[in-house]
Every structure is written in C-alpha cells, then in structure tokens.
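**Student:** starting from these lines, generate the structure:
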Amino acid sequence: DGLHFADAKPWTFDDGGELGSYNTQQHWLVHSDGLYLVYTRRGANNDHIVRHRAPLFMAAVDPATLRVIRSTERVIIPERGAEMGNFGACAIDANESWVTVSEGMFMKDSKARGAEGATFVARIRWDSPNRLFSESTLVP
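**Tutor:** Model (predicted):
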C-alpha cells in the first residue's frame with residue numbers, strides 16, 4: 001500500500017553471500033530485458049574510501065528473489081582514491097543509459113591516490129532496445 005513495509009534486509013548475491021552495500025546509495029537501471037542495480041560495496045580493496053563509496057558496480061538482479069547475480073557484476077566507474085557516493089542513474093534513450101558521478105575530494109590523501117575531482121559518465125549501451133523507454137516520459 002506504500003505505507004507499510006517489511007523489515008529491511010541486506011542485499012545478497014545469488015550464492016547467498018552478503019553484497020556488502022550499506023549506508024550509501026543504490027540506484028536501479030530498468031531495462032525490458034532485465035533489472036540492474038548500481039551500487040557501492042565493501043570487499044573491493046576499498047577500505048581507504050569513506051563508507052566504501054567507490055568504485056561503482058553494476059549487476060543484474062533476479063526480479064523473483066531480489067538477489068544480485070554475482071557473475072554479472074562489473075565495475076562501471078573505477079576507484080581512484082576519492083569517494084563517489086552521490087551518483088545518478090538514468091535512461092537516456094532506448095539504447096543507452098548513463099551513470100554519472102564526481103569524485104569527492106574530502107579526504108586528505110585522495111589526490112595522492114590519483115583522484116582529481118573528475119566527473120564521470122558511464123555509458124551503458126544495451127544489446128537490444130529498452131522497450132520500457134518512452135520519449136513521452138522525458139521532461140521538456
């Protein structure tokens with residue numbers, strides 16, 4: 001009903017392992033051929049990043065179980081020493097979606113690790129057109 005929810009539970013991989021995403025953003029990319037989650041997580045050699053907010057990953061999600069399919073996980077924006085917790089994900093057209101983020105230069109050693117405060121656009125080019133995309137949903 002939109003007012004009452006089950007208790008929150010951690011994201012898990014399809015093999016039962018915990019995803020390790022916590023205290024940060026996750027965004028959906030929805031395609032007619034599948035459901036995808038964009039997220040950050042621990043366990044990616046990223047303990048030096050506040051709240052493990054880099055790199056950005058994308059993986060398919062099983063819509064029946066809401067588990068992340070481990071074999072589909074890919075880094076879509078690499079970690080270069082800065083956090084990337086405030087990112088966005090959106091469909092651009094039926095053939096492409098974007099994930100955008102900028103490096104947060106809040107930690108003293110971010111620059112020494114390679115960060116420059118850069119803005120990234122990960123272009124997700126779909127193998128087949130997204131039949132859920134409609135030009136009528138675009139804001140004029």
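
**Student:** tell me where the chain has helices.
**Tutor:** Using DSSP state H, no helices are found in the chain.

**Student:** so where's it uncertain?
**Tutor:** Along the chain, the model assigns pLDDT under 70 to residues 137-140.

**Student:** and the most centrally placed residue in it, bridged to which residues?
**Tutor:** Compute the mean C-alpha point of the chain, and by Cα atoms, centre = their mean the closest residue is residue 38, 1.7 Å away. Beta-bridge partners of residue 38, counted by DSSP bridges, are residue 27, residue 58.

**Student:** so it sits against residue 61, correct?
**Tutor:** No. In this structure residue 38 lies outside contact range of residue 61 using Cβ atoms under 8 Å: 10.6 Å. The C-beta positions use only the backbone N, C-alpha and C, and glycine is treated the same way.

**Student:** how near is the residue lying closest to residue 35 once chain neighbours are set aside to residue 135?
**Tutor:** Using Cβ to Cβ, 6 or more residues apart in numbering and skipping the chain neighbours, the partner closest in space to residue 35 is residue 61 (4.7 Å). Separation of residue 61 from residue 135 (Cβ to Cβ, to the nearest Å) stands at 26 Å.
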